[in-house]
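Enquirer: need a 3D model of the sequence below.
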Amino acid sequence: MHVFLIISGLLLTSVCFYLLITKGPSSTAVGGLAFFGGGSLVFIFQDQWMNWMDKQKEKRIESSNCQIQSAGFYFPKGYPFKQGLLKKQRELPFHKIKEIRINTFPPTAVTDGNEVIFLIGLKREAIEKIAFEQQLKLIEPLDIWSLICDEFLDTEFSEEEKEKSMELLERHGISRAELSQIKKRIRTRMLLRTSVSWEWMYYGQYDVLHELWPLTEKKYWWTMDIALRNG
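Expert: All right, here's what the predicted structure looks like:
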């Protein structure tokens, strides 16, 4: 199909070019030449263009990712959420970190101010290495927001699985009534997100924060309170 469209476009471009030469300039010939010629170039160089776009996207993402420096975690383009500690600074000092959670996505650092900071783009191996060097506590607690958001994934869960999740959340200080209120608050936006992304593996606090636009300090710290429940 791709080759057929390229050949058809080139043939039509040739026809328009022939009309332009033999009949002189006309809106049909010029318009056709621009449309079919441009379309042909798009199809011919589509793969190269997409590869270039992907590489540029990767570079932009990498340049914004969290970096490890001598005194802490550094966000070269600033932290994406401006409602907490990193509102006016780009570095999270190691001495402000109580623990690092490596079972969330992205991995997270919990500060001494009970704030979850997302270590965007960092690999587990790099985090484990710096945690050892800086004597930072690594843990894998219950990912509360992930359990709450499972319902919004493009995945079916059995009634038994849903009940087990609710029991786990209850043991961590979230009653069934509160769980219902939380889900009601975020349901529409999370389902809209899924309708676009078809995400079926994971949603967490990071995803919820992106959907709570406009994000206020009240909403931001509401998600923190829930993320750090421990029963």
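
Enquirer: which parts of stretch 164-171 are buried?
Expert: Along stretch 164-171, these residues count as buried under the neighbour rule (16 or more other C-beta atoms under 10 Å): 165-166, 169. Using the backbone N, CA and C atoms, a C-beta is placed for each residue, glycine as well.

Enquirer: which pLDDT does the model give the residue nearest the centre of the chain?
Expert: Most central in the chain under C-alpha atoms, centre = their mean is Asp207, positioned 6.8 Å from the mean C-alpha point. At Asp207, the pLDDT value in this model is 97.

Enquirer: how many other residues sit next to the residue nearest to Tyr203 when sequence neighbours are not counted?
Expert: Leaving aside its chain neighbours, Tyr203 sits nearest to Cys149 (3.6 Å; criterion: C-beta to C-beta, 6 or more residues apart in numbering). Number of residues near Cys149 (other C-beta atoms under 10 Å) recorded here: 24.

Enquirer: now do Arg101
Expert: 21.

Enquirer: strands of the chain, start to end?
Expert: Secondary structure of the chain (DSSP state E): strands located at 67-68, 72-74, 91-93, 97-101, 108-111, 116-118, 138-139.

Enquirer: which one of those strands lies closest to Ile186?
Expert: strand 116-118 (16.5 Å; C-beta to C-beta).

Enquirer: residue ranges with poor pLDDT in this protein?
Expert: 1-20, 23-63, 231 (pLDDT under 70).

Enquirer: apply 50 and report the result again.
Expert: The model of the chain has pLDDT under 50 over residues 1, 5, 49-61.

Enquirer: domain map for it?
Expert: 2-62, 65-139, 144-227 (automatic domain parsing).

Enquirer: ok so, going back, Asp207 is in contact with the residue nearest to Tyr203, correct?
Expert: Yes - with contact defined as C-beta atoms under 8 Å, Cys149 counts as touching Asp207 (6.9 Å).

Enquirer: hey, what's in contact with both of the two?
Expert: Here Cys149 and Asp207 have Met190 as joint contacts, going by C-beta atoms under 8 Å, 6 or more residues apart in numbering.

Enquirer: ok, the closest residue to Lys137 other than its chain neighbours to Leu85 distance?
Expert: Distances taken as C-beta to C-beta, 6+ apart place Glu99 nearest to Lys137, at 4.2 Å, with adjacent residues excluded. Going from Glu99 to Leu85 by C-beta to C-beta, to the nearest Å gives 15 Å.
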